[in-house]
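Engineer: let's see this in three dimensions:
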Amino acid sequence: MHPFTSYVLRSYYRATGWNEDNLFANLTRSSDAILDFTVPRGLHLSISKAPNGLFNTSYSMNAMPSLNGSVGYIFTSCNLDVKNSGSVRLKDMVERFKVYDQPRRPEGKEEEWLAGERVDTRDYLLYGQLYLPTGRLDAVYCTRLSHTLQAMVSAISDPRSNFSSEKRSRGDNISNVMFKLQHDIGKWCSEYTYGAEDGMWGVHVLHNFGRLGNPSGSPEDLNLSPGTRPKRVDEEEATGGGLKGRVSAGAEFYISAKERSAGVSTGIRFTTLPDATPPSFQLPPPSSSPLAQSSRSPPSQPPTTITALFNPMMGHIRAAYAARVSRDLSMCSRFDFNIYSYDSEWTMGAEWWMRRAASKHEDELETPLIPSEQPSVPVLQVESHDTPSDIRGVMKARISTKNNVSLMWEGRLKQMLVSLGVVSDLSSRSKPITAIGLELSYFSTG
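Structural biologist: Numbers count the residues shown, from 1 in each chain. Model prediction:
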């Protein structure tokens, strides 16, 4: 389950028109949602409040196995549509398999002028969280420099940072400041990072092949006949068999003069189009045409994402295949291999959305049907908004060749979001259950 702070940050990105999915760091996001879900450890309680659209507060406590907590505050320059835990769409609070829409060039806010002078300001977000009793402080500042530029500064201040080098080598938390500059033009997205603690510089680049999505289609284009209208971004020539989609490729390079280390990795992703239905499905012919009935058939290909990552310096290769096999069931398989040590791991997982009763809602990737008496216009893909009473929860499971099994259920009970999970090691007879946890989250608005 997403923490309340992550939910507010995603709402901020959505309100400002920034596409967080068009980053190299999120190249494997669809498969990671099924295979790398985080099972809660112990008992975790979280209460949050949004008194208005600009200011949000969050309080959390871990009761088991040790007692600790945190207090967080978020302030934004723009009003956010933050809902309470009883009415928020459950799919917005869960990291899940999803075929993301084609990339588009970000659009900034409209310019505001007063007496010949521009008076609009840059959007920004301020976030701070204090952990007790350790006294660690996390802070984030994010702002839009232009339509295609976003800057982010994140910092960690830990009083325990005066550790010896021996404790630092064990991976204990220390103070650090990281700077990020993201440049997104739709087809290309680059990210430049710098970490002050170890002097690490990083460059991340992602390129999307094919055409970009049109952020706003003109009504004139919709009224054109299929033979004269411009070719849509998700249309392809008729071919026999195979999946139709788009390809994205990227790489990252990082170097640290202080640590005298460097690294590089590359990745590629193929994903089907969110609206992968052939043009004949989306432009229904007249009812008298023999194709009128066939145009109402569902899409012929399942939503699919295929990714591959390669780190030549470490010799690590990772390939994953994820697909939605039905409306409520998605499955994923991933294979990791090291060409130097020959170590390998095969991981499989699935997520199953449970509903209270038979729902009349269409799948989020199905194309809505248009009655034949309506004008023939292209149907754009929209994601279905399930009502809070429709979805009961989601069950996630994963198993690997290292005998690790994880199960987690996420859902809503009354006005509270709940996560319950267990992690087991089948190879251990003395301790087959390695972790079990329960997370309860409640937040309100107004």
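
Engineer: next, the buried residues of stretch 97-109.
Structural biologist: 97, 98, 99, 102, 103, 104, 105, 106, 108 (16 or more other Cβ atoms under 10 Å). Backbone N, C-alpha and C define where each C-beta goes, glycine included.

Engineer: correction: stretch 434-446
Structural biologist: By neighbour count on 16+ other Cβ under 10 Å, the buried set for stretch 434-446 is 436, 437, 438, 439, 440, 441, 442, 443, 444, 445.

Engineer: ok, the helix or strand that contains the fourth one: who's next to it in the sheet?
Structural biologist: The secondary structure element spanning residue 439 is strand 433-445 (assigned by DSSP states H and E). The sheet places strand 433-445 alongside strand 42-50 (parallel), strand 416-425 (antiparallel), with pairing taken from DSSP bridges.

Engineer: what's the closest of those strands to residue 36?
Structural biologist: Of all the strands paired with strand 433-445, strand 416-425 sits nearest to residue 36, with 12.7 Å by Cβ to Cβ.

Engineer: all helices of the stretch 201-350 of the chain, in order?
Structural biologist: Taking DSSP state H, counting those that start in this stretch, the helices of the stretch 201-350 of the chain run over residues 219-222, 279-282.

Engineer: remind me, longest helix of the protein?
Structural biologist: helix 4-16 (DSSP state H).

Engineer: lowest-confidence helix or strand of this protein?
Structural biologist: Ranked by mean pLDDT, DSSP states H and E, the weakest helix or strand in the chain is helix 219-222, scoring a mean of 37.

Engineer: phi first, then psi, for residue 29.
Structural biologist: Taking degrees, to the nearest 10, you get phi -60, psi -40 for the backbone angles of residue 29.

Engineer: how many residues are close by it?
Structural biologist: 20 (other Cβ atoms under 10 Å).

Engineer: mind listing what it touches?
Structural biologist: Listed by Cβ atoms under 8 Å, 6 or more residues apart in numbering, the contact partners of residue 29 are 21, 100.

Engineer: rewinding a little: so the strand holding residue 439 versus helix 4-16, what angle?
Structural biologist: Interaxial angle of strand 433-445 relative to helix 4-16 (axes from the mean of the first three to the mean of the last three Cα atoms, to 10 degrees): 50 degrees.

Engineer: heads up, I number from 35, so please use that
Structural biologist: Sure thing, new numbering starts at 35, so read that last one as strand 467-479.

Engineer: before we move on, back to that, name the helices or strands packed onto the longest helix of the chain?
Structural biologist: strand 76-84, strand 89-98, strand 102-110, strand 158-166, strand 171-178 (3 or more Cβ pairs under 8 Å, 6 or more residues apart in numbering; DSSP states H and E).

Engineer: any chance of JSON lines for the strands paired with strand 467-479, columns mean pLDDT?
Structural biologist: Shown next, in JSON lines, are the strands paired with strand 467-479 (pLDDT from 0 to 100):
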{"stretch": "strand 76-84", "mean pLDDT": "93"}
{"stretch": "strand 450-459", "mean pLDDT": "94"}
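
Engineer: make CSV from the ones you listed and add mean neighbour count and distance to residue 429 to it.
Structural biologist: Listed next are these as CSV, based on neighbours: other Cβ atoms under 10 Å; distance: least, Cβ to Cβ, whole Å:
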stretch, mean neighbour count, distance to residue 429
strand 76-84, 19, 19
strand 450-459, 18, 10
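
Engineer: ok, which of those strands comes nearest residue 351?
Structural biologist: That would be strand 450-459 among the strands paired with strand 467-479, by Cβ to Cβ, at 25.3 Å.

Engineer: of all the helices and strands packed on helix 38-50, which one is nearest residue 370?
Structural biologist: strand 76-84 (28.6 Å).

Engineer: neighbouring contacts of the closest one?
Structural biologist: 37-38, 42, 90-100, 114, 116, 471-480.

Engineer: quick check: angle from it to strand 102-110?
Structural biologist: Using the same axes, to 10 degrees, strand 76-84 lies at 30 degrees relative to strand 102-110.
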